[in-house]
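In: mind folding the following:
(one chain, ligands or ions: 1)
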Amino acid sequence: MAIDRIVIVGGGTAGWMAAAALSRLKKNRELSITLVESEAIGTVGVGEATIPPFVDFNQLLEIDEREMLAASQGSFKLGIQFANWGALGDSYIHPFGNYGYELGNMSFHHVWHFMQQAGDNRPIQVFNAETMAAYFGKFARTQEMQREDLPPINYAYHLDAGRYAVFLRRYAEGRGVVRKEGRIEDVKLDGESGDVTGVTIDDGTQLDGDFFVDCSGFRGLLIEQALQTGYEEWTHWLPCNRAVALPCNRDDGSPPPPFTKATAHSAGWQWQVPLQHRNGNGHVYCDAYMSADEATDILVANLAGKPTADPNHLRFVTGRRKKFWNRNVVALGLAAGFMEPLESTSIHLINTGLTKLIAVLSLDGPTDAQRDTFNRLTRKEYEKIRDFLILHYHATRRDDSEFWNYCRNMSVPDSLTEKMALFRETGQIFREEDELFTETSWAAVMMGQGISMQGHNAMAETLDKAATKAELDEIEKSIRFLVQHMPAHGDFLAKYCPAP
Ligand code: FAD
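Out: Model (predicted):
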């Protein structure tokens, strides 16, 4: 059956991202898109750190970056600083962008390791512009100042989730999406096909549709409550199941650093997401090892300023829906599944979910081929990200709490065990099946968490040491020059995208 009416259930980040992206299908076609949301229920109210493909999402929608960042009081993000993960007192940055560049057809970390063994003791971080800029609190969109000897700086954003949703709402409504306020009380299914045919709102309005996008958050109103799709749980690998969120001001008036901070505690970790007007903070933890009061006390004791709201306590179950697209319903955002925000991947999964949906969905009518492809690709994407997150918990020497003892000793997916062993032995990382995280990402986290390379690509041994040293000197010099000439992140924001 052709799709003439799309109903989006939910107006959080997922709902409004879906509305904004799908509104583009309305061009040259009679297609009604309605979004239902309930102010009384509200949104999850967190989810403020993104990764670089999100910049492309906004570009695809032809959103003006300056306008969007000003409206959402956003800042730039060059990576994530992980503290206390491999061991108490450790710290490293997982940067966006690569270390150095390919030399002799090898990823840079092989060359770096070869030179380390030859006595060059420079840390790999000095060969990554994003890391160096982050350490010095600098930022520039390098289109404006890029030297040709370096690849462009990779960046993402920190955004105020509430303000970003308002911004997207304006965008989507401006393109013909109709918003309906109210609480959905009933979901109607077709007796024969089992498809969803409509929803009933608490004011009695009946909203019928041909295709539904479930963005109703953890409750999964259509995908789970109505269609009973089922959920695959991953808490044995990612045991955290609660979070407490608490924004704060920056007491000392300091500028926002251009990176997210993820600081491990005794039964989880704390995020700090710096925006222009405040920091977003939260403590993700496992309730088998820590109480809500203890988690809140630890969070409050580690804030950079005074709280600006009451603590918001959240529960979650890590895992994914057994099908992301079931019958005529596609689930996005928290309705589709949940992995903790350690690598800021949730909003990214909304983005890629929409990109895939738009690529495979035929408005002449969905078919099994479209559904199965979407489900298979999305499952793989979730599993690859899952393995990367498990790495952070498992590759640790921490033995100061029961929680870390569990994580260190737990069995992990075979795919991850193999990946860690191969890296340790040869430094090799194979990026399989279009996975999100690059070789630099895997190498940064493995090395940052204490997995040392014992060997490297055998071809590195064929490099000329003096010539390679000269190349490394050049890369380091270029990066230092670039970072030295970048403005401070706070100054850049004040000029580029101040609050309206
Ligand atoms: P929600 O925000 O919960 O929205 C659900 C919507 O459905 C609301 O509008 C609600 O009103 C509506 N609704 C529900 N039931 C009904 C009903 N019966 N009738 C009508 N309307 C209804 N992601 C990142 O990428 N980066 C991060 O840093 C990050 N941090 C996070 C930290 C935590 C602790 C958590 C829990 C999540 C985090 N996420 C992060 C994930 C991110 O918050 C979500 O992916 C994103 O906000 C999308 O949420 P959503 O729109 O799916 O759900």
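In: just the mean pLDDT for stretch 373-384, thanks.
Out: Per-residue pLDDT over stretch 373-384 has a mean of 97.
In: stretch 71-81 too?
Out: On average, the pLDDT along stretch 71-81 is 97.
In: what is the end-to-end distance of that stretch?
Out: Length of stretch 71-81, first residue to last, Cα to Cα, to the nearest Å: 26 Å.
In: how about the contacts made by the residue of the stretch 301-450 of the chain found nearest the ligand?
Out: The nearest approach of the stretch 301-450 of the chain to the ligand comes at Gly333, 2.3 Å away (Cβ to the nearest ligand atom). All C-beta spots, glycine's among them, are computed from the backbone N, C-alpha and C. By Cβ atoms under 8 Å, 6 or more residues apart in numbering, Gly333 lies in contact with 10, 12-15, 17, 215, 217, 346, 349-350.
In: now the nearest residue to it once chain neighbours are set aside: which helix or strand?
Out: Closest residue to Gly333 apart from its sequence neighbours, by Cβ to Cβ, 6 or more residues apart in numbering: Ala14 at 2.6 Å. In the assignment (DSSP states H and E), Ala14 maps to helix 13-22.
In: now Arg480
Out: helix 465-485.
In: check which residues of the next helix-or-strand element following that helix are buried.
Out: Going down the chain from helix 465-485, the next helix or strand is helix 489-496, by DSSP H and E. Applying a neighbour-count criterion of 16 or more other Cβ atoms under 10 Å, one finds 489-490, 492-493, 496 buried in helix 489-496.
In: can I get the residues you listed in a markdown table including pLDDT and distance to the ligand?
Out: Listed next are these as a markdown table, based on pLDDT from 0 to 100; distance: Cβ to the nearest ligand atom, whole Å:
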| residue | pLDDT | distance to the ligand |
| --- | --- | --- |
| His489 | 96 | 18 |
| Gly490 | 96 | 21 |
| Phe492 | 95 | 22 |
| Leu493 | 96 | 19 |
| Tyr496 | 94 | 22 |
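In: quick one on the thing from earlier: what's the pLDDT at the residue nearest to Gly333?
Out: pLDDT, read off for Ala14, is 97.
In: Cys215 is in contact with that one, correct?
Out: Yes. With contact defined as Cβ atoms under 8 Å, Ala14 reaches Cys215; the gap is 3.9 Å.
In: any shared contact partners between the two?
Out: Contact criterion Cβ under 8 Å, 6+ apart; residues shared by Ala14 and Cys215: 332-333, 335.
In: strands paired with the helix or strand hosting His94, and their directions?
Out: According to DSSP H and E, His94 maps onto strand 91-95. Paired neighbours of strand 91-95 in the sheet (DSSP bridges): strand 79-83 (antiparallel).
In: so the strand it pairs with, near the ligand or not?
Out: No. Strand 79-83 lies apart from the ligand when judged by Cβ under 6 Å from any ligand atom; the minimum separation is 9.9 Å.
In: excluding chain neighbours, what is closest to the residue of the stretch 51-200 of the chain found nearest the ligand?
Out: Closest to the ligand within the stretch 51-200 of the chain is Ile184: 3.6 Å, counting by Cβ to the nearest ligand atom. Among residues not flanking Ile184 along the chain, Val199 sits closest, at 4.7 Å (Cβ to Cβ, 6+ apart).
In: just Gly100 next, same as before
Out: Leaving aside its chain neighbours, Gly100 sits nearest to Phe108 (3.5 Å; criterion: Cβ to Cβ, 6+ apart).
In: and that neighbour, how many neighbours?
Out: Phe108: 21 surrounding residues under other Cβ atoms under 10 Å.
In: and it, what pLDDT?
Out: We have a pLDDT of 95 for Phe108.
In: ok, it touching Gly97?
Out: No. Using Cβ under 8 Å as the test, Phe108 is too far from Gly97 to be in contact (11.2 Å).
In: which residues do these two both contact?
Out: By Cβ under 8 Å, 6+ apart, the residues touching both Phe108 and Gly97 are Thr440.
In: burial measure for Ser452, as a count.
Out: Neighbourhood size, Ser452 [other Cβ under 10 Å]: 10.
In: how about it, nearest residue that isn't a chain neighbour?
Out: Spatial nearest neighbour of Ser452, chain neighbours left out: Arg424 (7.1 Å); criterion: Cβ to Cβ, 6+ apart.
In: tell me which element that neighbour is part of?
Out: Element membership for Arg424, per DSSP H and E: helix 414-426.
In: please apply the same query to Gly162.
Out: In this assignment (DSSP H and E), Gly162 forms part of helix 161-174.
In: what's the answer for Lys261, then?
Out: Assessed by DSSP H and E, Lys261 sits inside strand 260-265.
In: residues of the helix or strand following that strand that come out buried?
Out: Using DSSP H and E, the helix or strand that follows strand 260-265 in sequence is strand 268-274. Residues of strand 268-274 classed as buried: 268-274 (neighbour count, 16+ other Cβ under 10 Å).
In: which strands and helices sit next to strand 268-274?
Out: In this structure, strand 268-274 packs against strand 260-265, strand 279-285, helix 292-301, with contacts taken as 3 or more Cβ pairs under 8 Å, 6 or more residues apart in numbering; DSSP states H and E.
In: compute the inter-axis angle for the last one and strand 279-285.
Out: Pointing back at helix 292-301 there. Angle, helix 292-301 to strand 279-285, by axes from the mean of the first three to the mean of the last three Cα atoms, to 10 degrees: 150 degrees.
In: distance from the helix or strand following helix 292-301 to the middle of the chain?
Out: Counting by DSSP H and E, the next helix or strand C-terminal to helix 292-301 is strand 312-315. On the basis of Cα atoms, centre = their mean, to the nearest Å, strand 312-315 sits 19 Å off its chain's mean C-alpha point.
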